[in-house]
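Q: here's a sequence, model it:
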Amino acid sequence: MNNPINLISTIILGSITLACTGCGGGSNPPDNGIKVSDYIDAVNLGGETTEFSGLTNRISFDLPATNLTGAALDMHIRGDGEFERQFTKAPSVQHPDIDGVGPVFNNNACLECHNRDGRGNYSFQALTAPQDEWTKLGANEAVFLRISVGPDETCVPDAGNCYCAPKDVPGFSSQLFHRGVLGVRPDSPFTGQADVYVKFEEEEISYADGEKVTLRKPVFEIRNPYDHPSEKPGDNTPPISRLLQQDVMTSTRMGMPVFGLGLLEAIKEEDILALADPDDSDGDGISGKPNWVCDPVKKNILSDPDPKSLGRFGWKANTPTVAVQGAGAYRGDMGVTNYFFPDESIVGTVLHDTYLATNPEDNGQNGAEVSATVVQDVMFYTNTLAVPARRNINDPAVRKGAELFHSAGCTSCHTPSFTTGSHPGIPAPDGTVAVTIPEVENQKIFPFTDMLLHDMGDGLADNRPDFSANGKEWKTRPLWGIGLTQTVNPLAGFLHDSRAGTLEEAILWHGGEAEVAKEAFRTMVKADREALVAFLKSL
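A: Okay, here's the model as predicted:
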């Protein structure tokens, strides 16, 4: 088995390859109308927004779309500064412009979950701990747990149940906050709702040629919940805390890249839905389906009686727009209220009420701990980050890998290209469009995603439904920029819980609709596996 310390050293040296996913397919190329010639020579993956400087360093994802000029570029730069802002506890007389974090939270700045606009990572301590040794999540960790109760197997989505939105854990919320400001937990300073610990388990599998690969996955344990301090799971000990009851479901989330988001939001809805085949009517084993979600702008700002939107963002496509995703992260991940989400995530809970009783001055500033202008600047920034240009397209191994990517069936889910339509813009507090983003419109792009949900098998299942997504389904991740992921952040991993440290590991975790494609890769000769990796590293 791999020694964890040697593994991290290898990552830092930059010699570990990068992870991606494969989906669907078989021994013959999928009959989906896609040809290798459609993408083998593609360079400008983000259309006119593409960054073609060839930078391959820590700032490869941290550059503005190349077609931004004038006021738009100024707004992007302002948003960049705000993205890096670190919030502190409210109220702050010395720094009123950066107060508002908490009272419970996971991080206090956007960049702590999205390292240089790329993927987050576990702490170095967690990554290098011996197998089966627990490590406590602390500051600057990019991972957290979604939580909910259920499942309600009879849920029929409608406006009344917000289209089967996850149900909050009573007394907690829909996200577990492991950090807290001073005063929120007098019994456990700087702990939030509970402490969270992680360890890694390993298993070994073999390629058809006998070469072995060690796969790691994280396992989490919740301890010290605020409603029963110092409690942790124990053998044959019935839990007391509401958070530790059997009906509570958890799902890991690792911070993901934020470049190219505006282009994904501008993909025409009808083009995404045209790829859906939820009942596998064509019998190819691929059942991509859309996730219809409750849109908080439609529901809370526009008072729409049918606030349903197509989910596009998040690991399960559970968020409709970049603006909602970002504003939700302000309120959720950082505890910073805003005009999209004016109430704290834990409003009405015993923890929040007790905190306010002794800290009445920290009242969420009437739902506006960050201004509408700041939110709009940051959302414009994440909508207009450049997609890096593709590299090494004339390398024979890369070109062979492009062929293998198709013949293995990867393009059944990783749809290579779209032409974007109009972007809906960023909403103002009254729901009207405050900011338009024409730079991402009418662009030929190559994200390699169909934006749909797919059953990825038991190995990746979190067993937690999220709107239309069931416990085995995940959204197809875009592959653009994946070849630079560990250049930007050497400790980054892949998949929703960052379990995969290499490309091969990520593919080998796939099952369900991706089982045939995974087996196609697993049974390739080594030279072909390396060629497919080379293609993905060119993206």
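Q: W474 versus N32, what's the distance?
A: For N32, the distance to W474 equals 20 Å [CB to CB, to the nearest Å]. Glycine gets a C-beta too; all of them are placed from N, C-alpha and C.
Q: ok, these two, which is more surrounded?
A: More crowded of N32 and W474, by other CB atoms under 10 Å: W474, with 24 against 19.
Q: so where do the helices sit in the stretch 401-539 of the chain?
A: Along the stretch 401-539 of the chain, the stretches classed as helices by DSSP state H, counting those that start in this stretch are 485-488, 503-508, 515-522, 526-538.
Q: can you pull the contacts of M75?
A: By CB atoms under 8 Å, 6 or more residues apart in numbering, the contact set of M75 is 377, 380-381, 435.
Q: filter these down to just the ones in helices.
A: Members of the contacts of M75 lying in helices (criterion: DSSP state H): 377, 380-381.
Q: out of those, which end up buried?
A: Among these, those scoring as buried are 377, 380-381 (criterion: 16 or more other CB atoms under 10 Å).
Q: need these in TSV (columns: distance to S37 and pLDDT).
A: Formatted as TSV, these follow (distance: CB to CB, whole Å; pLDDT from 0 to 100):
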residue	distance to S37	pLDDT
D377	41	97
F380	36	98
Y381	35	98
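Q: return the closest of those with respect to G421.
A: Here the nearest of these to G421, counting by CB to CB, is F380; it sits at 18.8 Å.
Q: ok, the closest one to P64 distance?
A: 10 Å.
Q: just Y330 next, same as before
A: Distance of Y330 to P64, given as CB to CB: 21 Å.
Q: repeat that for Y39.
A: With CB to CB as the criterion, Y39 and P64 are 25 Å apart.
Q: again, but for F124
A: Counting by CB to CB, the gap from F124 to P64 is 31 Å.
Q: those two: which has the busier surroundings?
A: It is P64, of F124 and P64, that has more neighbours when counted by other CB under 10 Å, with 21 against 11.
Q: ok, T436 - contacts?
A: Contacts here follow CB under 8 Å, 6+ apart; on that basis T436 touches 423, 425.
Q: phi first, then psi, for it.
A: The phi/psi pair for T436 (degrees, to the nearest 10) reads phi -100, psi 160.
Q: got the confidence number for it?
A: Predicted confidence (pLDDT) for T436: 97.
Q: over to R179?
A: Here, the pLDDT recorded for R179 equals 97.
Q: run through the bridge partners of it.
A: The partner list for R179 in beta bridges (DSSP bridges) reads F105, T191.
Q: which residues touch it?
A: Counting by CB under 8 Å, 6+ apart, R179 has contacts 102, 104-107, 138-139, 190-192.
Q: with P229 as the reference, measure out to it.
A: With CB to CB as the criterion, R179 and P229 are 16 Å apart.
Q: and I240, by the same measure?
A: 10 Å.
Q: then C410?
A: The spacing between C410 and P229, counted by CB to CB, is 48 Å.
Q: who has more neighbours, these two?
A: Of the pair C410 and P229, C410 is the one with more neighbours under other CB under 10 Å, namely 28 against 14.
Q: so the more buried one sits against K518, correct?
A: No - counting by CB atoms under 8 Å, C410 does not reach K518; the two are 10.2 Å apart.
Q: what's the burial count for the closest residue to N32 other than its chain neighbours?
A: Closest residue to N32 apart from its sequence neighbours, by CB to CB, 6 or more residues apart in numbering: S412 at 6.0 Å. S412: 31 surrounding residues under other CB under 10 Å.
Q: low-confidence stretches in this protein?
A: Scanning the chain for pLDDT under 70 picks out 1-29, 31, 151-153, 364-366.
Q: can you list the buried residues in stretch 354-373?
A: Of all the residues in stretch 354-373, those buried under the rule 16+ other CB under 10 Å are 355-356, 359, 362, 364-365, 368-370, 372.
Q: first-to-last residue distance for it?
A: 32 Å (CA to CA, to the nearest Å).
Q: again, but for stretch 367-375
A: End-to-end distance for stretch 367-375: 13 Å, by CA to CA.
Q: what of stretch 330-347?
A: Stretch 330-347 has an end-to-end distance of 15 Å (CA to CA).
Q: how about residues contacting that stretch?
A: If you take CB under 8 Å, 6+ apart as the criterion, stretch 330-347 is touched by 87, 100-110, 113, 144, 172-175, 177, 193, 296-297, 300-301, 323-324, 327-328, 352, 364-370, 372, 375, 427, 429.
Q: contacting residues around the closest residue in space to A386 that isn't next to it in sequence?
A: Excluding its sequence neighbours, the residue lying closest to A386 (CB to CB, 6+ apart) is E51, at 3.7 Å. With contacts defined as CB under 8 Å, 6+ apart, E51 is in contact with 60, 63, 65-66, 386-389.
Q: please pick the buried ones from these.
A: By 16+ other CB under 10 Å, the contacts of E51 give 60, 63, 65-66, 386-389 as buried.
Q: nearest to T420, of the buried residues of stretch 354-373?
A: Closest approach to T420 among these (CB to CB): A372, at 26.1 Å.
Q: is it true that that closest one touches A428?
A: Yes - using CB under 8 Å, A372 is in contact with A428, at 7.0 Å.
Q: which residues are in contact with both of the two?
A: Common neighbours of A372 and A428 (criterion: CB under 8 Å, 6+ apart): A434.
Q: before we move on, back to that, just the buried ones from the contacts of R179, in ChimeraX syntax?
A: Selecting only the buried entries of these in ChimeraX, with 16+ other CB under 10 Å as the criterion:
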select :102,104,105,106,107,191,192
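Q: just the closest of the contacts of R179 to E204, please.
A: Distance to E204 across those (CB to CB) is lowest for G138, with 30.4 Å.
Q: how much space between T337 and V43?
A: In terms of CB to CB, T337 sits 43 Å off from V43.
Q: okay, these two: which has more neighbours?
A: T337 (25 against 12).
Q: so that one: helix, strand or coil?
A: coil (DSSP: H, G, I helix; E, B strand; the rest coil).
Q: please spell out which residues along stretch 520-528 are buried.
A: Across stretch 520-528, burial judged by 16+ other CB under 10 Å covers 520-522, 524, 528.
Q: okay if I get those residues as TSV plus distance to G47?
A: Shown next, in TSV, are the buried residues of stretch 520-528 (distance: CB to CB, whole Å):
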residue	distance to G47
A520	31
F521	30
R522	35
M524	32
D528	31
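Q: residues near L55, how many?
A: 16.
Q: wait, isn't it in contact with F61?
A: No - in this structure, L55 is not within contact of F61 by CB under 8 Å, at 9.7 Å.
Q: what sits in contact with each of these two?
A: Residues touching both L55 and F61 (CB under 8 Å, 6+ apart) are P388.
Q: what about the residue positioned nearest the centre of the chain, distance to E439?
A: Geometric centre of the chain, nearest residue: M256, 4.2 Å, by CA atoms, centre = their mean. Distance, M256 to E439, by CB to CB: 22 Å.
Q: output stretch 91-98 as PDB - backbone C-alpha positions only.
A: Taking Å, rounded to 0.1, in the frame of the first residue of the first chain, the C-alpha atoms of stretch 91-98 are listed here in PDB:
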ATOM      1  CA  PRO A  91     -19.600  43.800  15.200                       C
ATOM      2  CA  SER A  92     -16.000  45.100  14.600                       C
ATOM      3  CA  VAL A  93     -15.400  48.700  15.400                       C
ATOM      4  CA  GLN A  94     -11.900  48.600  13.800                       C
ATOM      5  CA  HIS A  95     -13.000  46.700  10.600                       C
ATOM      6  CA  PRO A  96     -16.700  47.100  10.000                       C
ATOM      7  CA  ASP A  97     -16.200  46.300   6.300                       C
ATOM      8  CA  ILE A  98     -15.100  42.800   7.000                       C
END
